[in-house]
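Novice: got a predicted structure plus its sequence, pasted below:
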Amino acid sequence: MQKINREVLINKANELLSNGTINRVFGWEKGDFSYDVTPTIYFTADQMNKKFIFDDFCGANFSKYLVAETKKDQNKVGVFLKPCDTYSFNQLLTEHRFDKEKVYAIGVPCDGMVDEKKIKAFFGEGISSITSEGDEIIVDTLYDGVKKVKKADVLQERCQNCKSKKHVYYDELIGEDGEVLDSNRFDEVEKLEKMTADERFAFWQNELSKCIRCNACRDVCPACTCEKCVFNNPNSGVENKSPANEFEEKMFHIIRAFHVAGRCTDCGECSRVCPQGIPLHLLNRKFIKDINSFYGNYQAGEQEGSRAPLTNYTKEDLEPSEAVNKGDN
Amino acid sequence: MRKCLLQNQNKLFDQISSFASLYIPVETTGGNASFKKYEQGMVMSDVLKTDRSPKDLFFPQTENLMEFKTSGKNIEVIDNRKESEDFVVFGVRGCDVKSFEVLDRVFLVEPVDTYYATRREHGIIVSMACGRPAETCFCQTFGIDASAPEGDIVCYKTEDALYLDAKTEKGKNLLSKLADVTEESDGKEALKQKEQIKTVLAKLPLANLKADSFGKDKTKEFFDAPEWQILSKSCLGCGTCTFVCPTCQCYDIKDFKTKDGVQRFRCWDSCMYSEFTKMSAGQPRLTQLERFRQRFMHKLVYYPTNNDGLFSCVGCGRCISKCPISMNIVKVMKALGGIDNE
């Protein structure tokens, strides 16, 4: 099988740019270190040759950017999508957030993205470079020489519990498609469910009290595409720039979790970007788990146009009281 | 110089906290730390940078400034400030210490922000030399020496001891109260560490980053630079960079109606936000490009223009590790300063 590296992707983009299929393409840009990759737009293959990167740190999901980008002109925008990104893409299509005719989606494979925070938790600060060799990550440090760690141990949480290597949307796929996986992504949720209500409250109190209300979780979230969030709207009555008390710390996150319930694809961007390391994905996963157990398995974004259980009435639906009782268990 | 063996470190902290509130960096989750009020038995973290800078202790994210109580035609103004006691912040890195100078020039000029001023007056800063600077550190760019930080007391931590060197009256006064738990030292070990840090600093990947092309009166040179378009392209407009930044100092004040009056509330604000400085005519910076540009122009040009050339970035590198899209002031400086980012 052909090795999928940056050159393959640059060549593909170059072909699409040259034959006029697209006039620009979302791609990742390398930074000053091994891990500080920035999502950007390329207009030429020359720009890509200089700065494009495709490696273990290309976690950023471009789907949400398409909402604004496709409105700019009539040209088609190219975009590289990893398997989990395609679920967000599909979900946005389901919600009519952009016109797919204005996008050319290039599916790219992914064998998991690395979390530099985990690497730093292992080796401390002072990382000169990070490279991967097979299933090992080679870390060159400023203070302790070269270190090695298993890639599986430093993957981002969402990748350790990857739900799918299958692309659910693409115009063109590079490499071979993968399968939907059996993941252990609900294990942590089950741990929380087993806690007493007081323990669970204390857990979330501790986590959410770290929140600085930078809104990064919301601003990166592909399910959060309101043009004006109630929390930013001075006329909404609930606008707040900082949590003034413990109630407001929780309110923002819990309201947000409810708002994306049934639409969250579990892409994990919220937890990836949180500067305070709050495991926000666990709130969303609890909703997903509950939806699965109340209404049968449902994966947001899996099928374009699918109706989420919460917005689709059927006679077999649970009575609200049953849902409440099941939630207790 | 005084020396405190590491085995006595907590005795030192207990001693300080017997007469003043003490804040130390404490590990929260693996590799992360934040300043917390010391309680007996707490362990000081060696993590280089706390997630949030210690600016919170002088300029908290939220505070109730005052209340107005009304009865009939009378309005009573209630100042609900409580801080009047000394407090000690232990383990502040050189970059973060410098950030107080940046904040002072905003809050301590007329009209003086008395809330901030009170805390500065009562706060005693024990700085900590950086034994192991990170790859993201670039304090040197702004003339800060991580091997010799400023502060009321400078602390060097070696394998077995803390070395404490008082630099100000406040610091000398504090150190004199710690005679029981410290001993006199010639400070040779501290000096040795200082030299080691200097060697490391020279090897850091950003050691050669220069801010020379920015500064006072450079507004016209950079304001319309085409690079802003590309740099701000994928900015999410979140407030991460501004809230983890030790020198960002913008805030919002709002009055809230209470049962029998008004509460005046202040909280941090972010120039990255769409509703920042919203006025009746709307927000003056309509696009994310303008908001993004504002933040970096403020750090690199506007602030120095108004403050004798002093930059309002201290090179702590928090924005490098925290930005969701990994855009940061270093990338901005390289792009605008004509250094190809390769």
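Specialist: Noted; the coordinates are in hand. Residues are numbered from 1 along each chain as shown, chains lettered A, B, ... in the order given.

Novice: can you list the domains in the chain?
Specialist: Went with chain A since none was named. In terms of domains, chain A is parsed into A:6-113+A:164-173, A:117-150, A:187-328 (source: automatic domain parsing).

Novice: nope, chain B
Specialist: Listed by automatic domain parsing, the domain ranges of chain B are B:2-203, B:219-336.

Novice: dump the ones you listed into TSV; add mean neighbour count as well.
Specialist: Where you see a C-beta, it was placed from the backbone N, CA and C, and this is true even at glycine. TSV is the format used below for those (neighbours: other Cβ atoms under 10 Å in any protein chain shown):
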stretch	mean neighbour count
domain B:2-203	18
domain B:219-336	19
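
Novice: neighbours around the closest residue to A:Ile10 other than its chain neighbours, how many?
Specialist: Using Cβ to Cβ, 6 or more residues apart in numbering or on different chains and skipping the chain neighbours, the partner closest in space to A:Ile10 is A:Met48 (4.8 Å). Using other Cβ atoms under 10 Å in any protein chain shown, A:Met48 has 23 other residues around it.

Novice: contacting residues around A:Met48?
Specialist: Neighbouring residues of A:Met48 by Cβ atoms under 8 Å, 6 or more residues apart in numbering or on different chains: A:10, A:13-14, A:25, A:27, A:42.

Novice: apply 7 Å and report the result again.
Specialist: For A:Met48, the contacting residues are A:10, A:13, A:27, A:42, by Cβ atoms under 7 Å, 6 or more residues apart in numbering or on different chains.

Novice: in what helix or strand does it lie?
Specialist: helix A:45-51 (DSSP states H and E).

Novice: please compute how far that helix lies from its chain's middle.
Specialist: 26 Å (Cα atoms, centre = their mean, to the nearest Å).

Novice: A:Val230 is in contact with A:Asn240, isn't it?
Specialist: No. Under the criterion of Cβ atoms under 7 Å, A:Val230 makes no contact with A:Asn240, lying 10.0 Å away.

Novice: which of the two has more neighbours?
Specialist: Set A:Val230 next to A:Asn240 and count neighbours by other Cβ under 10 Å: A:Asn240 wins out with 18 against 15.

Novice: show me what the host helix or strand of B:Leu22 packs onto, helices and strands only.
Specialist: Using DSSP H and E, B:Leu22 sits within strand B:21-27. Packed against strand B:21-27 by the contact rule (3 or more Cβ pairs under 7 Å, 6 or more residues apart in numbering or on different chains; DSSP states H and E) you find helix B:9-19, strand B:33-37, strand B:87-93.

Novice: and these: which comes nearest chain A?
Specialist: With Cβ to the nearest Cβ, the closest approach to chain A among the helices and strands packed on strand B:21-27 belongs to strand B:33-37: 7.7 Å.

Novice: just checking: what are the partner strands of the strand holding B:Leu22?
Specialist: strand B:33-37 (antiparallel), strand B:87-93 (parallel) (DSSP bridges).

Novice: and those strands: which comes nearest B:Met272?
Specialist: strand B:33-37 (22.0 Å; Cβ to Cβ).

Novice: following element in sequence after the closest one, please.
Specialist: Where DSSP H and E defines the elements, the next helix or strand beyond strand B:33-37 is strand B:62-71.

Novice: would you mind writing the CA trace of the following helix or strand past that following strand as PDB?
Specialist: Using DSSP H and E, the next helix or strand after strand B:62-71 towards the C-terminus is strand B:74-79. Coordinates of each C-alpha in strand B:74-79 appear next as PDB, following Å, rounded to 0.1, in the frame of the first residue of the first chain:
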ATOM      1  CA  ASN B  74     -31.000  57.800  49.700                       C
ATOM      2  CA  ILE B  75     -28.200  55.800  48.100                       C
ATOM      3  CA  GLU B  76     -25.700  54.200  50.300                       C
ATOM      4  CA  VAL B  77     -22.400  53.300  48.700                       C
ATOM      5  CA  ILE B  78     -20.800  50.200  50.300                       C
ATOM      6  CA  ASP B  79     -17.200  49.400  49.800                       C
END
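
Novice: where are the low-confidence patches of chain B?
Specialist: Residues of chain B meeting the criterion pLDDT under 70: B:30, B:338-342.

Novice: that one: helices as residue ranges?
Specialist: Using DSSP state H, the helices found in chain B span residues B:9-19, B:94-107, B:114-122, B:169-176, B:188-203, B:219-223, B:227-232, B:240-244, B:288-297, B:303-306, B:318-322, B:329-336.

Novice: tabulate those (CSV), appending distance to chain A.
Specialist: Below are the helices of chain B laid out as CSV (distance: least, Cβ to the nearest Cβ, whole Å):
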stretch, distance to chain A
helix B:9-19, 20
helix B:94-107, 13
helix B:114-122, 16
helix B:169-176, 27
helix B:188-203, 7
helix B:219-223, 20
helix B:227-232, 7
helix B:240-244, 4
helix B:288-297, 10
helix B:303-306, 22
helix B:318-322, 4
helix B:329-336, 6
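
Novice: okay if I get those as a markdown table plus distance to A:Phe287?
Specialist: Formatted as a markdown table, the helices of chain B follow (distance: least, Cβ to Cβ, whole Å):
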| stretch | distance to A:Phe287 |
| --- | --- |
| helix B:9-19 | 43 |
| helix B:94-107 | 39 |
| helix B:114-122 | 41 |
| helix B:169-176 | 51 |
| helix B:188-203 | 47 |
| helix B:219-223 | 46 |
| helix B:227-232 | 34 |
| helix B:240-244 | 25 |
| helix B:288-297 | 30 |
| helix B:303-306 | 44 |
| helix B:318-322 | 27 |
| helix B:329-336 | 36 |
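
Novice: and the residue nearest the centre of chain B?
Specialist: Note on chain B: the residue nearest the mean C-alpha position is B:Pro246, at 2.8 Å, using Cα atoms, centre = their mean.

Novice: ranges for the strands of the stretch 151-300 of chain A?
Specialist: A:172-173 (DSSP state E, counting those that start in this stretch).

Novice: and the stretch 1-150 of chain A, by the same measure?
Specialist: A:24-29, A:38-42, A:77-81, A:103-107, A:127-133, A:136-141, A:146-150.

Novice: how about the ones you listed, which one is nearest chain B?
Specialist: strand A:38-42 (4.5 Å).

Novice: pLDDT averaged over that closest one - what is it?
Specialist: What strand A:38-42 shows for mean pLDDT is 97.

Novice: and what of stretch A:298-314?
Specialist: The model assigns stretch A:298-314 a mean pLDDT of 93.

Novice: mind listing what's buried along it?
Specialist: A:298-302, A:308-310 (16 or more other Cβ atoms under 10 Å in any protein chain shown).

Novice: so what's the residue of the stretch 51-200 of chain A at minimum distance from chain B up against?
Specialist: Per Cβ to the nearest Cβ, A:Glu125 is where the stretch 51-200 of chain A lies closest to chain B, at 3.5 Å. Contact analysis of A:Glu125 by Cβ under 7 Å, 6+ apart lists B:48, B:132, B:134.

Novice: how about A:Val146?
Specialist: Neighbour list for A:Val146: A:138, A:140 [criterion: Cβ under 7 Å, 6+ apart].

Novice: one more: B:Lys233?
Specialist: B:Lys233 sits next to A:40-41 when contact means Cβ under 7 Å, 6+ apart.

Novice: mind checking how far the residue lying closest to B:Ala211 once chain neighbours are set aside is from B:Val26?
Specialist: Counting by Cβ to Cβ, 6+ apart, B:Ala211 lies nearest to B:Thr141, which is 5.2 Å off, once chain neighbours are set aside. Going from B:Thr141 to B:Val26 by Cβ to Cβ, to the nearest Å gives 29 Å.

Novice: may I ask which two of the buried residues of stretch A:298-314 are separated the most?
Specialist: Pairwise distances across the buried residues of stretch A:298-314 (Cβ to Cβ) peak at 15.5 Å, for the pair A:Glu302 and A:Leu310.
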